[in-house]
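**Q** Please find the sequence and the predicted model below.
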Amino acid sequence: MEPIIATMISMISIIAPCIVLGACCYFLAKKAVIEAILMTIGSGMGLIIQLFYLLIPILMSYKGMSYSNISKYYTVVGIFNLIASLCFAIGFLILIVNTVKKNKIVKDQFLKSID
């Protein structure tokens, strides 16, 4: 019974990546731009990687894998995690730059008072 409870508690860490992926998919559906695409790819890959990190101990116990094989899997998944994080970060940075640039243009359109 305890392993089931431990697994359920560890699944709580999936909630945040699911919310981020949902928000990115909503943004992509509303506005199909490069930043939305990059953020959706990054968050989707991040969610899959998070699931893998939760499932690898279970696979390890059932298959009886050696630590050297597991370290190889973690290395490969770490590289994919780096790519996913870079995709999300670049998309988020582009979104911020475009938003700041858009707000600057809007502010420059108003007349400035001379006191």
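**A** Received it, and whenever you're ready, just let me know what you need.
**Q** isn't residue 14 right up against residue 49?
**A** No: with contact defined as CB atoms under 8 Å, residue 14 and residue 49 do not form a contacting pair (11.3 Å). The C-beta positions use only the backbone N, C-alpha and C, and glycine is treated the same way.
**Q** ok, these two, which is more surrounded?
**A** Remark: of residue 14 and residue 49, residue 49 carries more neighbours, 18 against 13, as counted by other CB atoms under 10 Å.
**Q** which residues does that one contact?
**A** Residue 49 sits next to 77, 80, 81, 84 when contact means CB atoms under 8 Å, 6 or more residues apart in numbering.
**Q** What ranges does the chain have for its helices?
**A** In the chain, the helices defined using DSSP state H lie at 2-10, 15-30, 34-63, 67-108.
**Q** any idea how far the residue positioned nearest the centre of the chain is from residue 22?
**A** By CA atoms, centre = their mean, the chain has its centre lying nearest to residue 43, at 2.7 Å. The spacing between residue 43 and residue 22, counted by CB to CB, to the nearest Å, is 9 Å.
**Q** Appreciated, that's everything.
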